[in-house]
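Q: From the sequence below, what's the structure:
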Amino acid sequence: MKLRTATLGCKVNQYETEFVREGLLGIGYQDAVDDEAAELCIVNTCTVTNEGDAKSRQTIRRMARRNPGAKIVVMGCYATRAPEEVAALPGVSQVVTDKRELPDLLGRFGVTDIPTGISGFGRRHRAYVKVQDGCLLRCSFCIIPHVRPNLASRPVEHILDEVRRLVDRGYREVVLTGIHLGHYGVDWNRNAPKEKWVRLSHLVRQIAELPGDFRVRLSSIEATEVTRELIQVMAEHGDKVAPHLHISMQSGSDGVLRRMRRRWGARRFVDRCELLKKALDRPAITTDIIVGFPGETDAEFRETEIVSRAVGFSKIHIFPFSPRRGTPAATMANQVSKQVQQERCRELGRVEAELRDEYYRSLLGMKLRALVETEDSGFGGWTGTSCRYATVQFRASGHDEGRFVDVVAKEVCGDRIIGE
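A: Numbers count the residues shown, from 1 in each chain. As a prediction, the model looks like this:
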């Protein structure tokens, strides 16, 4: 039986697709290659934006056209939000509305030994490790808490076993991910005495103490969860924990943050970033920013630029606001025009380029630990991801692919560092 998978959206979705794929390969399914038709297709959907819904539908229809007669199983956040809509699409045989059903899904296909995690991540050199699911927040622009509301942290031993397997199979970087990563352990802590609480910092420490030549990186986290304990673990295990955090800001304006129903103001965000920079040597801080949120004035947008410069982000993921049906922000007054959004995106993009260049130049002369990932024929060398999340180009031999090399940063060239 031939199997084909498609994933839209976040790192958690990519992990969950791999979990299902491995379970099916274990009972004899084989990946369909090139134009080979598959008998079973798995589509993992996204609903974070209206565009995510549209791309999910397009992917399902394409699967049905290219794999005539195949059973198409659809899971993911769009399937949870609109199961009837998904079930009506061509070729769809099953709709999984809750990711907690994945073991049951595998069981229905004949998997008797349900895995507790994954052991590979395709041909990548970095593997995502899902440690947590669910979000309790109610940010006014986000639909995800409505489709993934139940907090569920994975057992520490399952995660440690998974990391060991991945490292043994040659993965040199594991990226911890979750729907709300910083809430790891919160579901266990509700009825426990405070001295027995489990936090993300405890998990990171235990992973960092595992033997092997690998590093761990954290995916997106909220500013309030950049705790002194987490920073201390990062500082004490600098050889294992990447000096990089992606701290989601969304806006630098207190007025906009209130309308977004975020849990902190701009000053507190900057303070947490300063705490990180005092404890670590030139850490990379990346972020997400929504531009053109309802009611955002020119002055509020300028506040975002000012805070971005105060933090010194090394990368900003810039998103024009997209009204998501079913969220409070979609019906707020004073929606910002697409033209203004585009102008502000371009302006913030220029700020981001300046900040990235400034941060990269601060690394010149520094030794960066880089994972050798892609051969670059145009450059005549290799491209890799450094510990500080900067893309680095350098000379290396073919047998270094998938390994760590120490690269001295020599020159900044656009969005990457040239090293040797």
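
Q: check contacts around G212.
A: Contacts for G212 (CB atoms under 8 Å, 6 or more residues apart in numbering) come out as 164, 167-168. The C-beta positions use only the backbone N, C-alpha and C, and glycine is treated the same way.

Q: Mind giving me the PyMOL select for those, buried ones only?
A: PyMOL command restricting the contacts of G212 to the buried ones, with burial defined by 16 or more other CB atoms under 10 Å:
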select buried, resi 164+167
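
Q: among the contacts of G212, which are in helices?
A: If you go by DSSP state H, these have 164, 167-168 in helices.

Q: Can you name the residues bridging to V405?
A: Beta-bridge partners recorded for V405 (DSSP bridges): A370.

Q: Which segments of the protein make up each domain?
A: 2-108, 126-362, 367-419 (automatic domain parsing).

Q: And these, which one averages the lowest pLDDT?
A: Lowest mean pLDDT of the domains of the chain: domain 367-419, a mean of 91.

Q: end to end, how far does that domain reach?
A: End-to-end span of domain 367-419 (CA to CA, to the nearest Å): 9 Å.

Q: cool, stretch 196-215 as well?
A: Termini of stretch 196-215 sit 27 Å apart (CA to CA).

Q: Same question for stretch 168-187.
A: Length of stretch 168-187, first residue to last, CA to CA: 31 Å.

Q: shift numbering so it begins at 39
A: Will do, 39 is the new start, and the previous item becomes stretch 206-225.

Q: what separates that stretch from the chain centre, distance-wise?
A: Averaging C-alpha positions (CA atoms, centre = their mean, to the nearest Å) puts stretch 206-225 10 Å from its chain's average.

Q: before we move on, the earlier item: and the domains of the chain as JSON lines, adding distance to G155?
A: Formatted as JSON lines, the domains of the chain follow (distance: least, CB to CB, whole Å):
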{"stretch": "domain 40-146", "distance to G155": "7"}
{"stretch": "domain 164-400", "distance to G155": "3"}
{"stretch": "domain 405-457", "distance to G155": "21"}
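
Q: Of the ones you listed, give the one that comes closest to I152.
A: I152 sits nearest to domain 40-146 of all the domains of the chain, at 4.6 Å, using CB to CB.

Q: Would you mind measuring the gap between the ends of the closest one?
A: 17 Å.

Q: so how many other residues sit close to D142?
A: Neighbourhood size, D142 [other CB atoms under 10 Å]: 11.

Q: any idea how far it lies from Y166?
A: 23 Å (CB to CB, to the nearest Å).

Q: and if you look at T421?
A: For T421 relative to Y166 (CB to CB), the value is 20 Å.

Q: neighbour-wise, which of these two wins?
A: A count of neighbours by other CB under 10 Å puts Y166 above the other of T421 and Y166, at 24 against 17.

Q: And what about that one, helix, strand or coil?
A: What DSSP: H, G, I helix; E, B strand; the rest coil gives for Y166 is strand.

Q: give the contact list for it.
A: Contacts for Y166 (CB under 8 Å, 6+ apart) come out as 49-50, 52-53, 56, 159, 212-213, 215, 257.

Q: which residues does it form a beta bridge with?
A: Applying DSSP bridges, one finds that Y166 bridges with V213.

Q: Spell out the residue ranges of the helices in the stretch 189-338 of the chain.
A: 194-206, 224-227, 238-246, 266-274, 292-298, 304-317, 336-349 (DSSP state H, counting those that start in this stretch).

Q: Ok, the stretch 39-188 of the chain next?
A: According to DSSP H, counting those that start in this stretch, the helices that the stretch 39-188 of the chain contains are 49-63, 88-104, 115-119, 121-125, 140-146, 182-185.

Q: What are the contacting residues of the fourth one?
A: I take that to be helix 121-125. Against helix 121-125 from outside (CB under 8 Å, 6+ apart): 83, 94, 98, 112, 116-117, 130, 133, 135.

Q: now with 6 Å?
A: 112, 117, 133, 135 (CB atoms under 6 Å, 6 or more residues apart in numbering).

Q: and the first one, how many residues sit next to it?
A: Translated: V112. When neighbours are defined as other CB under 10 Å, V112 has 28 of them.

Q: okay but it is in contact with V134, surely?
A: No. V112 is beyond contact range of V134, at 7.0 Å (criterion: CB atoms under 6 Å).

Q: Distance to G452 added to the helices of the stretch 189-338 of the chain, as JSON lines?
A: Below are the helices of the stretch 189-338 of the chain laid out as JSON lines (distance: least, CB to CB, whole Å):
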{"stretch": "helix 194-206", "distance to G452": "32"}
{"stretch": "helix 224-227", "distance to G452": "41"}
{"stretch": "helix 238-246", "distance to G452": "32"}
{"stretch": "helix 266-274", "distance to G452": "28"}
{"stretch": "helix 292-298", "distance to G452": "31"}
{"stretch": "helix 304-317", "distance to G452": "25"}
{"stretch": "helix 336-349", "distance to G452": "19"}
